[in-house]
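A.B. asks: pasting the sequence and the predicted model now:
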Protein chains: 2
Amino acid sequence: MDVDEFREFGKAAVDYIADYFQTIRDRPVLPSVHPGYLGELLPKEPPQTGESWQEVLQDVDRIIMPGLTHWHSPKFHAYYPTAHSFPAVVGEMMSAGFGCVGLNWVASPAYTELEVVMMNWLGKLLGLPEEFLNCSDGPGGGVIQGSASEVTFIGLLAAKEKKVKDLEADIKGKLVAYSSDQSNSSVEKSGLLGSMPMRLLPADKEGKLRGDTLLDAIEKDKAQGLIPCYVVANLGTTPTCAFDDLAELGPICNRDNIWLHVDAAYAGTAFTCPEYRYLLKGVEHADSFNFNPHKWMLVNFDCSAMWVKNARYLVEAFNVERIYLKDQHKGLAPEYRHWQVSLGRRFRALKLWFVLKIYGVEGIQKHVRHQISLAKYFEELVRTDDRFEVCTSSMGLVTFRLEGDNQLTKNLISRIQERKNIFVIPGQFRNKYVIRFAVCSRLTERSDVEFSWKEFQSQADEIIVSKITSEVGDKKGIGAIQLSDAGCDKNSIEKCK
Amino acid sequence: MDVDEFREFGKAAVDYIADYFQTIRDRPVLPSVHPGYLGELLPKEPPQTGESWQEVLQDVDRIIMPGLTHWHSPKFHAYYPTAHSFPAVVGEMMSAGFGCVGLNWVASPAYTELEVVMMNWLGKLLGLPEEFLNCSDGPGGGVIQGSASEVTFIGLLAAKEKKVKDLEADIKGKLVAYSSDQSNSSVEKSGLLGSMPMRLLPADKEGKLRGDTLLDAIEKDKAQGLIPCYVVANLGTTPTCAFDDLAELGPICNRDNIWLHVDAAYAGTAFTCPEYRYLLKGVEHADSFNFNPHKWMLVNFDCSAMWVKNARYLVEAFNVERIYLKDQHKGLAPEYRHWQVSLGRRFRALKLWFVLKIYGVEGIQKHVRHQISLAKYFEELVRTDDRFEVCTSSMGLVTFRLEGDNQLTKNLISRIQERKNIFVIPGQFRNKYVIRFAVCSRLTERSDVEFSWKEFQSQADEIIVSKITSEVGDKKGIGAIQLSDAGCDKNSIEKCK
């Protein structure tokens, strides 16, 4: 493909994406394909000779589109949002277009340096303590990683490195990590990958991990000769967007020299608005902090922002060169390959820059406030109907259920998923089966929220009728209607446990 | 930014990339910026209000372009290639444009299913044994990862999981891994991350790891009560593109039930051409295999292809759900999040598909053969000049040096890097300081190779003159000219050790 064909193909693809977004509201949010559908549509072997780009776009339409779940449909309310904006899409394309690899500073100085500046901008935008920033005098700094999972794991490795250094002994087998039982499965996974037991401690009735709980667990482990090493605190849990009490957890970690990592993957974006910064209280005790602009801050996946107070421990955990560190991790040109698993790096700072430039601080704040107001609006709607109860409401996430037996809510979500008009996933909170309603798409408006709410109400009507019929049937000895959760995706449920 | 603005911005960006490629041959391959240049050009805080996309493109020109190292300049001969093609750029943009996240099958069925089919296509294209493919009956399969570093580390975790399962005992502290001293630093890093000592065994004089060397190391460790667990064999080392002897290493690993991982990051693409498949001999003994379409197969970074013979060990190393596996990793819809560190995944299969469709098998083979022929041509040119010696030549990589003291070659590379007409990095091979000349850009032609060769010759002329002058100077007691390697990047040197 020569440059002129690229001009045509690239512009046709821009139009394809634009058209897709202009019609996304009218598409069923969930696809209707069966597992294996795509293999049936493609040949078993790669083509021997090349095809035209027109054929490629036709195949995207024929083969890919039917198998997409439309994450940016205004009726997508599952999981948490994944970010999307046009400036970020163009940023991703230009990054691919330049096609450099940020192995080290000289491999493309702009790659490293734009990332340094963007991580300073972003840290200031969130109100992080200055010692986390590259522009501070100390050994702190920020870096873009691929996901919160990666960051949690990298934090664990740094914590291990630090503890081993501090104690100057072979104590790796004695190290223990802690988090809440409301944490995302990726937190448990990081313990598994890093060979460090991860204790999932019980959250309080609001879903928060409290200081006393952590302290008890730490003391118990110390009494057994184990060494507490790493704590992952959540600012915005996956099931209910609960906020662990950093102001309680922080001093406990600091006292015992335990690495405190703060995971604010979703909710971190809210700290761009000063009115939510009170939830950051205690962050000054943390050793590392993470949030995902690729969740809520309009930057396409992947772009996960990580800051550490002392980059030395990261570099020492990852650096096989073992060269002198003082001037390496700091200042103008950190060697970011020693802050991560891989050697190579994409130019993710570019799309972050595009988003910050084109939206400005005000544009991002407006987006956050608008989405929170939509969740509040949905909460109000649920409260108008006595058959439902609101379980939690925080940021852009509301969890709710049908009053009564869990099976009713299971049945409701099952029906909703089968109808494919909107997409929500179930969760569990305090032994109750709940529906998670997240405001995800930046296209979602009040009318979409109303549409979704009517979908819940209409299906609740059906279920309540079924229930009454089945109870009458029971009395007649016909047997209850079998409720099934076949429409629920078990993996989605896991995400919310 | 609304849809109509995106149409304008996106198309302007397509033209920007196209213009960049049409002028890339005329740009100095290395930038002339100093560390910290970019921070001086940007404000210290993010903009409060948004800017226009026209301003953004102007800033790309003003701020980013001067700080790029042009990896796709025909005069870029450093490291190894990083792939680039227009179909892949468009694929990356469309993947960002759709903006879904492949958390699991239902989160976008096309994401998982296209990856399954592409990994089958790719495995067949390379001539891998069928048991590695998703379409085989067994538990094997392929998956796209972010980099060879990631894959090596993931392989290590799977190997550990398998060994612990096999021996049913707490033996993690006794496990040992092996590779050659010619391996990329990422191999050593994976041992560090996975807490498993990585023995870097001496390669033979051709840079290959041989069976006897491995066997000796294994026996020595076993005698000490240690448990050999993981071997990383290279098909194409970083310093010289040497090929470890798989046919010797394989049976040794199989006998002791040691996980054999094959790293063919760069050279793997050559196996798309049947005439190079003899180098794959012994791959049937491997447990996992990796090559990077993002290096040499025209797919932009990141796209690292990994296959395993038994995906169960991957899934068990990563899966915190611990649900029944039999139907999960196989067949039509593997849950790829259990094959990797992160939960989320981009739609990297899309750009791979675009490249395979638009180039076809023949287009890729033509690209590989052309680049190898250019390296051969460069080798011939070097051999015409008695002042130089060719040290190695394999695939698209030639290593060579000035005859005589290492300092002469150091001085040559230093001059070349300072002039910025071409970009090469140094390496070390058998205690000799060498220049690595890699054919990287798909735009490189014979005339570019001739240009580069003239650059080497002209600077060699200067050095030889300096040397004579300095020797005369020495005799006069003036003192030798200080040779400096300031122009060399120490981190680049490390890459090639």
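C.D. replies: Okay, I see it. Numbers count the residues shown, from 1 in each chain, chains lettered A, B, ... in the order given.
A.B. asks: next, give phi and psi for residue A:42.
C.D. replies: Dihedral angles phi and psi of residue A:42 (degrees, to the nearest 10) take the values phi -110, psi 150.
A.B. asks: quick one: it and residue A:63 touch, right?
C.D. replies: Yes: using CB atoms under 8 Å, residue A:42 is in contact with residue A:63, at 6.9 Å. Where you see a C-beta, it was placed from the backbone N, CA and C, and this is true even at glycine.
A.B. asks: next, show the common contact partners of the two.
C.D. replies: Shared contacts of residue A:42 and residue A:63 (CB atoms under 8 Å, 6 or more residues apart in numbering or on different chains): none.
A.B. asks: so residue A:348 touches residue A:145, yeah?
C.D. replies: No: contact criterion CB under 8 Å: residue A:348 and residue A:145 do not qualify, at 9.2 Å.
A.B. asks: so the two - more neighbours on which side?
C.D. replies: Neighbours per residue, other CB atoms under 10 Å in any protein chain shown: of residue A:348 and residue A:145, the larger number sits with residue A:348, 28 against 25.
A.B. asks: in contact with the more buried one, which residues?
C.D. replies: Residue A:348 sits next to A:95, A:115, A:144, A:302-303 when contact means CB under 8 Å, 6+ apart.
A.B. asks: filter those residues by proximity to chain B?
C.D. replies: Counting by CB under 8 Å from any CB of the partner chain, the subset of the contacts of residue A:348 that neighbours chain B consists of residue A:302.
A.B. asks: mind splitting chain A into its structural domains?
C.D. replies: A:3-68, A:100-346, A:357-496 (automatic domain parsing).
A.B. asks: dump those to a markdown table, plus distance to residue B:215.
C.D. replies: Shown next, in a markdown table, are those (distance: least, CB to CB, whole Å):
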| stretch | distance to residue B:215 |
| --- | --- |
| domain A:3-68 | 39 |
| domain A:100-346 | 26 |
| domain A:357-496 | 44 |
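A.B. asks: which stretch among the ones you listed comes nearest residue B:161?
C.D. replies: Comparing the domains of chain A by their distance to residue B:161 (CB to CB), the top pick is domain A:100-346, with 9.5 Å.
A.B. asks: just give the number of residues close to residue A:164.
C.D. replies: For residue A:164, the neighbour count with other CB under 10 Å is 18.
A.B. asks: what's the answer for residue A:22, then?
C.D. replies: Number of residues near residue A:22 (other CB under 10 Å) recorded here: 12.
A.B. asks: chain neighbours aside, what residue packs nearest to it?
C.D. replies: If the residues on either side of it in the chain are set aside, residue A:22 comes closest to residue B:3, at 5.7 Å by CB to CB, 6 or more residues apart in numbering or on different chains.
A.B. asks: one more: residue A:145?
C.D. replies: Closest residue to residue A:145 apart from its sequence neighbours, by CB to CB, 6+ apart: residue A:304 at 4.5 Å.
A.B. asks: also residue A:448?
C.D. replies: Nearest in space to residue A:448, with sequence neighbours left out and distances taken as CB to CB, 6+ apart, is residue A:74 at 3.9 Å.
A.B. asks: coming back round to it: could the domains of chain A be laid out in JSON lines, adding mean pLDDT?
C.D. replies: Listed next are the domains of chain A as JSON lines, based on pLDDT from 0 to 100:
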{"stretch": "domain A:3-68", "mean pLDDT": "96"}
{"stretch": "domain A:100-346", "mean pLDDT": "92"}
{"stretch": "domain A:357-496", "mean pLDDT": "84"}
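A.B. asks: about what we covered before: ok now do the residue nearest to residue A:145, which residues does it touch?
C.D. replies: Taking CB under 8 Å, 6+ apart as the definition of contact, the neighbours of residue A:304 are A:144-148, A:150-151, A:265, A:290-294.
A.B. asks: cross-reference those with the strands and report the matches.
C.D. replies: Residues of those located in strands (DSSP state E): A:144-145, A:290-291.
A.B. asks: show me which of these are buried.
C.D. replies: Of the members of the ones in strands among the contacts of residue A:304, the ones counted as buried by neighbours, 16 or more other CB atoms under 10 Å in any protein chain shown, are A:144-145, A:290-291.
A.B. asks: so which residues of the stretch 101-250 of chain A form strands?
C.D. replies: Assigned by DSSP state E, counting those that start in this stretch, the strands in the stretch 101-250 of chain A fall at A:141-145, A:175-180, A:198-201, A:227-234.
A.B. asks: got it, and the stretch 251-400 of chain A?
C.D. replies: A:259-263, A:288-291, A:304-308, A:388-394, A:397-402.
A.B. asks: strands paired with the longest one, and their directions?
C.D. replies: It stands for strand A:388-394. Within its sheet, strand A:388-394 is paired with strand A:397-402 (antiparallel), according to DSSP bridges.
A.B. asks: which helices and strands sit right next to the helix or strand just after the strand it pairs with?
C.D. replies: Once strand A:397-402 ends, the next helix or strand along the chain (criterion: DSSP states H and E) is helix A:406-419. Taking 3 or more CB pairs under 8 Å, 6 or more residues apart in numbering or on different chains; DSSP states H and E as contact, the helices and strands that helix A:406-419 lies on are strand A:397-402, strand A:425-429, strand A:432-438, helix A:446-475.
A.B. asks: up against chain B, what does the stretch 151-300 of chain A have?
C.D. replies: So far as CB under 8 Å from any CB goes, the stretch 151-300 of chain A lies against chain B at A:153, A:157, A:172-173, A:184-186, A:188-189, A:192-193, A:195, A:300.
A.B. asks: for residue A:206, give me its contacts.
C.D. replies: In this structure, residue A:206 makes contact with residue A:242, judged by CB under 8 Å, 6+ apart.
A.B. asks: likewise for residue A:420?
C.D. replies: A:28-30, A:32.
A.B. asks: so among the residues of the stretch 151-300 of chain A next to chain B, which ones count as buried?
C.D. replies: Using 16+ other CB under 10 Å as the burial test, those include A:153, A:157, A:172, A:184-186, A:188-189, A:192-193, A:195, A:300 as buried.
A.B. asks: export those residues as CSV, with columns for distance to residue B:286.
C.D. replies: As requested, those are arranged in CSV below (distance: CB to CB, whole Å):
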residue, distance to residue B:286
A:153, 26
A:157, 28
A:172, 30
A:184, 34
A:185, 30
A:186, 29
A:188, 30
A:189, 26
A:192, 25
A:193, 23
A:195, 25
A:300, 35
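A.B. asks: alright, I will stop here.
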